[in-house]
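Peer 1: Got a sequence here, can you model it:
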Amino acid sequence: MKWITENRNRIVESLFYLALTIELVLMIVEKSEISFGAESYVFRVTFALTFLAVLIMEHNTKECITVVITLAFTLLCYHISGKNDLLRVATFIMAARDIDLKKAMKYSFYVSCAGFLLIAVLACAGVLGDIAQVSDYGRGADETRYVLGFGHPNTLLGSLFTVLLMWLWIYGKKAGVIPYLVATVASLFVSYITRSRTGLAVVVLTLVAAVIVRIWPKLSEVKAIYVIETLFSPVLCTALAVFAAWASTQHYDGPGWPEKSWFWRAEDKLNFRMSSLYYETPGRDGILSRWKLFAGRGTDGYFDLGWVRLFYWYGIIPVVLLVIALLAVIYVCYKKQDIRALIIIFALSVYTIVEATFVTRYIGRDFFLLIAGVYLGYYFKNKGETDVRES
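Peer 2: Numbers count the residues shown, from 1 in each chain. Next comes the predicted model:
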C-alpha cells in the first residue's frame with residue numbers, strides 16, 4: 001500500500017494508457033475487414049483497467065460521492081438494458097481526470113493515423129479489404145464509392161473526420177497556411193471519393209470555423225459564442241432528435257403523412273433515415289412513442305440519426321444526464337477559452353444529427369472522451385483552477 005501511495009500517479013497513468021491503447025487497437029481492427037468476435041472480453045479488460053485506476057486515484061469527499069453515485073447509476077443502466085456501455089464510458093472518463101490532455105490526444109492521433117494508413121495500404125495492395133464498392137446507397141441507382149479497406153464509405157469518411165478534429169485541437173491553434181491547405185485538400189478529397197454529402201457539409205463547416213478562429217484568436221474570449229453553442233448542442237440537437245422520432249411516430253403509429261408532405265421530402269434528402277427508426281429496430285422501439293426512461297433489453301438495433309440512437313439505446317434519463325455533462329464540459333471550455341474544443345463539440349453534434357459513427361460501443365472511436373474526462377475533472381480540483389486559460 002505504501003508503494004502504491006508513493007507511485008499513485010504513475011500507476012494510474014500506466015493503467016489508463018494501457019486501456020486507451022487496447023481500445024484504439026480494437027477500434028482500428030473493427031474499422032478494417034478483419035473479423036474479430038471477442039470484443040466483449042476486451043471491453044471487460046479495459047473496464048477492469050480503468051476501474052482499478054479510479055480506485056487507486058486520490059479523491060476528495062465530493063468526488064468520492066460523485067464516483068459512487070455514477071457507478072451505481074451506470075450499474076443500474078447495465079442491469080436494466082444489458083448494455084455495459086455507460087459503465088465503461090463513465091470509468092474511462094473518471095480515469096482520465098489527471099492525464100496530460102495534449103499528450104493523450106497526440107498519442108490517440110498518431111496511433112489512429114498509423115492504423116488507418118495501414119488499413120488503406122493493405123487494401124491498395126490487395127491484401128485485405130476492397131478499394132471501392134458498387135452499390136445502391138439509397139439514392140435509387142448503383143454508385144461507385146471508395147472505401148480503401150474500411151468496409152463502407154461512411155466509415156472511411158468518419159475516420160478521416162476523426163483525424164481532422166484531433167489535428168485541429170492539437171495543432172490548429174498555431175498551424176500555418178500550408179498545413180491548413182493540406183488538411184482541407186485531404187478532407188475534401190476523401191469527402192469526394194466517398195460521395196458523402198453530409199460529410200462534405202460538416203467538414204466544410206468545421207474547417208471554416210477553425211480557420212476563422214485561427215485568424216481571429218480573440219474570438220475565444222467572446223462569451224456569446226459559447227452561449228450559442230450551448231443552445232445548438234446539445235439543446236437544439238436533442239430537440240431535432242425528438243422531432244424526428246415524433247415524425248416517425250406520426251407516420252407509423254399515427255394517421256400517416258400525405259404523399260407530398262414535408263416528411264417525404266425530408267426523407268428523400270435523408271435517404272429514409274427516419275423510416276429506419278421503425279424498420280431497423282427490434283420491436284419498432286426507435287420511434288418517440290416507444291422511448292423509455294431507461295432502455296430495456298433488446299434495444300440493440302443499428303440506424304443512423306445518432307442523437308435518436310442515444311435515446312433508443314440508453315433511455316431518456318441517461319441521455320438527459322449526458323446532456324448535463326456536455327453542458328458542464330462546454331462551461332469549462334468557456335473558462336479555459338478552449339474554442340477549439342468547442343468547435344469539436346459543434347462538429348460532432350452536427351455530424352451525429354444524421355450519422356451515428358460516434359454513438360458507439362467502441363471507446364477508441366470517441367477521442368472526445370479524453371477532453372470530457374479532463375474537463376469534468378476540473379470540478380473536483382481546487383477553486384479557481386477551472387479559470388486557467390488554455391495553454
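
Peer 1: average pLDDT for the helix or strand where Asn154 lies?
Peer 2: In the assignment (DSSP states H and E), Asn154 maps to helix 153-171. Across helix 153-171, the average pLDDT comes to 95.

Peer 1: and that helix, what other elements does it pack with?
Peer 2: Helix 153-171 makes packing contacts with helix 101-124, strand 142-146, helix 177-194, helix 197-215, helix 339-354 when contacts are defined by 3 or more C-beta pairs under 8 Å, 6 or more residues apart in numbering; DSSP states H and E. (C-beta placed from N, C-alpha, C; glycine too.)

Peer 1: one more time with 6 Å
Peer 2: Secondary-structure packing of helix 153-171 (3 or more C-beta pairs under 6 Å, 6 or more residues apart in numbering; DSSP states H and E): helix 101-124, helix 177-194, helix 339-354.

Peer 1: Isn't Met27 up against Arg365?
Peer 2: Yes. Using C-beta atoms under 6 Å, Met27 is in contact with Arg365, at 5.3 Å.

Peer 1: So which residues of the stretch 1-150 of the chain form helices?
Peer 2: 2-6, 8-31, 39-56, 61-81, 85-95, 101-124 (DSSP state H, counting those that start in this stretch).

Peer 1: which one of these has the lowest average pLDDT?
Peer 2: Among the helices of the stretch 1-150 of the chain, helix 2-6 scores lowest, with a mean of 70.

Peer 1: May I have the distance across stretch 305-325, first residue to last?
Peer 2: Stretch 305-325 has an end-to-end distance of 21 Å (criterion: C-alpha to C-alpha, to the nearest Å).

Peer 1: mind listing what Thr194 touches?
Peer 2: 145, 153, 156-157 (C-beta atoms under 6 Å, 6 or more residues apart in numbering).

Peer 1: between the residues you listed, which is closest to Lys223?
Peer 2: Set against Lys223, the nearest of the contacts of Thr194 by C-beta to C-beta is Leu157 (33.5 Å).

Peer 1: list the contacts for the closest one?
Peer 2: With C-beta under 6 Å, 6+ apart, Leu157 has these contacts: 194, 196, 199.

Peer 1: cutoff 8 Å now
Peer 2: Taking C-beta atoms under 8 Å, 6 or more residues apart in numbering as the criterion, Leu157 is in contact with 190-191, 194, 196, 199.

Peer 1: now swap in Phe116 and tell me
Peer 2: Phe116 touches 28, 31, 159-160, 163, counting by C-beta under 8 Å, 6+ apart.

Peer 1: And the spatially closest residue to Met27 that is not a sequence neighbour, how far from Ala183?
Peer 2: In this structure, Met27 finds its nearest non-sequential neighbour in Gly364, 2.9 Å apart by C-beta to C-beta, 6 or more residues apart in numbering. From Gly364 across to Ala183, the span is 22 Å (C-beta to C-beta, to the nearest Å).

Peer 1: which one of the two has more residues nearby?
Peer 2: Counted by other C-beta atoms under 10 Å, Gly364 and Ala183 do not tie: Gly364 has more neighbours, with 25 against 21.

Peer 1: Please tell me I have it right and the more buried one contacts Thr21.
Peer 2: No. Using C-beta atoms under 8 Å, Gly364 is not in contact with Thr21, being 9.2 Å away.

Peer 1: which residues touch stretch 29-42?
Peer 2: 22, 26, 115-116, 119, 122, 128-130, 149-151, 155, 159, 361-362.

Peer 1: ok, now with 10 Å
Peer 2: In this structure, residues lying in contact with stretch 29-42 by C-beta atoms under 10 Å, 6 or more residues apart in numbering are 22-23, 25-26, 28, 84, 112, 115-116, 118-120, 122-123, 127-130, 147, 149-152, 155-156, 158-159, 162, 360-362, 364-365.

Peer 1: Now it: buried residues?
Peer 2: Buried positions in stretch 29-42, judged by neighbour count with 16 or more other C-beta atoms under 10 Å: 29-33, 42.

Peer 1: what residues are up against Phe303?
Peer 2: Contacts of Phe303 by C-beta under 10 Å, 6+ apart are 273-281, 286, 309, 312, 356.

Peer 1: And it, what's its pLDDT?
Peer 2: pLDDT, the model's per-residue confidence, is 91 for Phe303.

Peer 1: Okay, it and Phe150: tell me how far apart.
Peer 2: Distance of Phe303 to Phe150, given as C-beta to C-beta: 19 Å.

Peer 1: Tell me how many other residues surround the closest residue in space to Met57 that isn't next to it in sequence.
Peer 2: Nearest residue to Met57 in three dimensions, chain neighbours excluded: Val12, at 5.5 Å (C-beta to C-beta, 6+ apart). Val12 has 24 neighbouring residues, counting by other C-beta under 10 Å.
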